[in-house]
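Chemist: Okay, predicted coordinates and the sequence, questions at the end:
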Amino acid sequence: MTGAGTGALREILVVLALALVGLLLAVVAAFAPWYATPADAGGGAVVEMHSPQRPGPGTGGVAVEAG
């Protein structure tokens, strides 16, 4: 094998090794928890939903404050 062939093979091996390391890091980042959670976490908090008030008559289309 010539010197150029050995250098090209080494370069390809380095590129493949770096690609495998990058893939491994991506898998770890995708499947590892991003933050620590306590064991007794109760889940998400309850959120109240409120729909906007409809415009009253004679307000010119402007929403009125709920009294």
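Modeler: Cool, got the structure.
Chemist: Tell me the secondary structure at Gln53.
Modeler: The three-state label given to Gln53 by DSSP: H, G, I helix; E, B strand; the rest coil is coil.
Chemist: Let me know how buried it is, in neighbour terms.
Modeler: Counted with other CB atoms under 10 Å, residues neighbouring Gln53 total 10. Backbone N, C-alpha and C define where each C-beta goes, glycine included.
Chemist: Can you list the buried residues in the helix or strand where Leu23 lies?
Modeler: If you go by DSSP states H and E, Leu23 is part of helix 3-31. If you call a residue buried by 16 or more other CB atoms under 10 Å, then helix 3-31 has no buried ones at all.
Chemist: same question for it, mean pLDDT?
Modeler: Per-region confidence: helix 3-31 scores 92 on mean pLDDT.
Chemist: Check stretch 47-62 too.
Modeler: Throughout stretch 47-62, pLDDT has a mean value of 73.
Chemist: Return the distance of Glu11 relative to Leu23.
Modeler: As defined by CB to CB, to the nearest Å, Glu11 lies at a distance of 19 Å from Leu23.
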